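Trainee: coords below, sequence missing:
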Ligand SMILES: O=C(O)/C=C(\CC(=O)C(=O)O)C(=O)O
């Protein structure tokens, strides 16, 4: 399978996702996905750590249709740096069915933040993965977190389990709701009572407004489908914190080109981690609506 084109641009998503067996409830939100380009219109950042093929809004909406979702939250991916134009374009062409999370230069002005809000942005992302970003200045991020409070936004934080302890004072100081991407990337092979999951639960217990995305079995479970370790580790999180969990495809799965995830298969994990219709509705509809479309929730 060749996932690199003649220009060295990588495709990390399958062109043939299966149709899931699970039918999401009406109004379901894919609360973590990205758009890449199109590059001719929205060039990648000179600091990008990966160079993907185009994965624009049309492809995103076609996938959404196939998977049975109604809305998306587009999260600015590191390959676009702090220029949110591609994300804003995805939102703009969605007819109100997308909102977004931006990555901003800490020197951004209040007027620029207002423009992002008008464009459908409802949060900022702080990325701490060294393979994705050159630096993550906590003091400047905290300043941004204070400045977005007036807009009613939240902060999305992406880090891996090995730095959870050192992240705690920073996370505690954030004055707005906090969403942790992919549960802080635990080793799910340890199971629900292992050090990574119990450490993460302690973080969730530390304040009532820390949410998390119960996402990415493909990244977190090296055994692959049916992602049994992911399911047994994550189901207790959904059951213990049913009002603070979000779900997303993570399409177009940046950096996952070695084993392309099947998006339909990812959707079929949902009823295994959220086993009742009530939990599924909270995870896929009520929770993301509260965070991203509060005026409708
Ligand atoms: O899609 C994700 O959540 C994870 C990513 C990519 C990413 O976050 C980014 O490019 O900003 C990863 O682990 O490579």
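Mentor: Here it is on my side, so go on. None of these values were measured; they are calculated from a predicted model.
Trainee: Next up, the contacts around residue 122.
Mentor: Shown in contact with residue 122 (Cβ atoms under 8 Å, 6 or more residues apart in numbering): 99-101, 152-154, 291-292. C-betas here are computed from N, CA, C, even on glycine.
Trainee: Repeat that for residue 77.
Mentor: Neighbours of residue 77 in contact, by Cβ under 8 Å, 6+ apart: 34-36, 254.
Trainee: Next, give phi and psi for the residue most central in space within the chain.
Mentor: When Cα atoms, centre = their mean is applied to the chain, the residue found nearest the centroid is residue 32 (3.3 Å). Taking degrees, to the nearest 10, you get phi -150, psi 100 for the backbone angles of residue 32.
Trainee: What does the pLDDT read for it?
Mentor: For residue 32, the pLDDT comes out at 99.
Trainee: quick one: it from residue 108, how far?
Mentor: Separation of residue 32 from residue 108 (Cβ to Cβ, to the nearest Å): 23 Å.
Trainee: which element follows the longest strand that the chain contains toward the C-terminus?
Mentor: If you go by DSSP state E, the chain has its longest strand at strand 121-127. Later in the chain than strand 121-127, the nearest helix or strand by DSSP states H and E is helix 138-147.
Trainee: Not counting residues beside it along the chain, what's closest to the residue nearest to the centre of the chain?
Mentor: Nearest residue to residue 32, sequence neighbours excluded (Cβ to Cβ, 6 or more residues apart in numbering): residue 248, at 2.6 Å.
Trainee: pretty sure that neighbour contacts residue 214?
Mentor: No. The criterion here is Cβ atoms under 8 Å, and residue 248 misses it with residue 214 at 9.2 Å.
Trainee: Measure how buried residue 291 is and give me the count.
Mentor: Neighbours of residue 291 under the rule other Cβ atoms under 10 Å: 22.
Trainee: For the helix or strand that contains it, name the packing helices and strands.
Mentor: Under the criterion of DSSP H and E, residue 291 resides in helix 287-292. If you count contacts as 3 or more Cβ pairs under 8 Å, 6 or more residues apart in numbering; DSSP states H and E, helix 287-292 packs onto strand 29-33, strand 71-75, strand 121-127, strand 245-246.
Trainee: residues in contact with that helix?
Mentor: With Cβ under 8 Å, 6+ apart, helix 287-292 has contacts from 27, 29, 31, 71, 73, 99, 122-123, 154, 177, 179, 211, 243-246, 296-297.
Trainee: and the ligand, which of these reach it?
Mentor: Contacts with the ligand within those, as defined by Cβ under 6 Å from any ligand atom: none are present.
Trainee: Quick check: residue 132 touching residue 78?
Mentor: Yes. Counting by Cβ under 8 Å, residue 132 does reach residue 78; the two are 4.4 Å apart.
Trainee: joint contacts of those two?
Mentor: residue 49.
Trainee: can you pull the contacts of residue 201?
Mentor: Counted by Cβ under 8 Å, 6+ apart, residue 201 has contacts 237, 240.
Trainee: Ramachandran angles for it?
Mentor: Phi and psi for residue 201, reported as degrees, to the nearest 10, are phi -60, psi -40.
Trainee: And the pLDDT at it?
Mentor: Residue 201 is given a pLDDT of 98.
Trainee: Please apply the same query to residue 297.
Mentor: pLDDT, residue 297: 87.
Trainee: Quick check: it vs the ligand, distance?
Mentor: From residue 297 across to the ligand, the span is 24 Å (Cβ to the nearest ligand atom, to the nearest Å).
Trainee: Also residue 190?
Mentor: With distances taken as Cβ to the nearest ligand atom, residue 190 is found 20 Å from the ligand.
Trainee: ditto for residue 91
Mentor: Distance of residue 91 to the ligand, given as Cβ to the nearest ligand atom: 17 Å.
Trainee: My guess is that residue contacts residue 100. True?
Mentor: Yes. With contacts counted by Cβ under 8 Å, residue 91 reaches residue 100, the gap being 5.1 Å.
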